[in-house]
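Chemist: Fold the following.
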Amino acid sequence: MRHTLVIALVALFTLSACKTTVPVRDFPYNAIPMAQSQNHSDKDIEKAIIKACLQLGWQCAAKSEGVVAAVLNIRTHQLTVDINYTPSQFSVEYVDSVNLRYDGKKIHRQYVNWVNNLIRHIQAELVV
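Modeler: Next up is the predicted model:
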């Protein structure tokens with residue numbers, strides 16, 4: 001009995017660790033870091049976003065005022081996001097994907113890692 005219980009628990013943990021999709025979500029309200037004497041212009045923010053994207057291998061371009069479109073191609077996967085920004089914050093919004101198992105509600109678990117990494121790099125560029 002005890003042996004069966006252990007096997008069942010191991011199987012449960014193994015199956016839960018194999019989760020390959022997560023709920024798709026946007027990443028709103030990321031603060032733009034500022035020193036007391038530092039104010040970022042819209043152009044400064046746009047340049048920082050583009051620089052961070054390029055450092056990580058994203059292709060990006062200004063889409064409109066306050067919006068940068070970014071595309072990440074990794075092997076056969078493609079992720080497209082919009083990065084909306086104001087002088088005080090920015091958000092990353094899902095737009096489209098290819099080969100990331102997007103079904104309208106869930107997406108490949110790597111999506112969250114790629115976007116969080118991009119957010120960290122954007123914030124680092126704005127601190128400099």
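Chemist: State the phi and psi torsions of Y102.
Modeler: Backbone torsions of Y102, given as degrees, to the nearest 10, read phi -70, psi 130.
Chemist: average pLDDT for stretch 42-57?
Modeler: Averaging pLDDT along stretch 42-57 gives 97.
Chemist: so who does A52 touch?
Modeler: L118, H121, I122, A124, E125 (C-beta atoms under 8 Å, 6 or more residues apart in numbering). C-beta coordinates here come from the backbone N, C-alpha and C atoms, glycine included.
Chemist: Please tell me I have it right and T21 contacts K106.
Modeler: Yes: the pair T21 and K106 passes the contact test of C-beta atoms under 8 Å, sitting 4.0 Å apart.
Chemist: Next, the buried residues of stretch 102-113.
Modeler: For stretch 102-113, the neighbour count (16 or more other C-beta atoms under 10 Å) marks Y102, K106, I107, H108, Y111 as buried.
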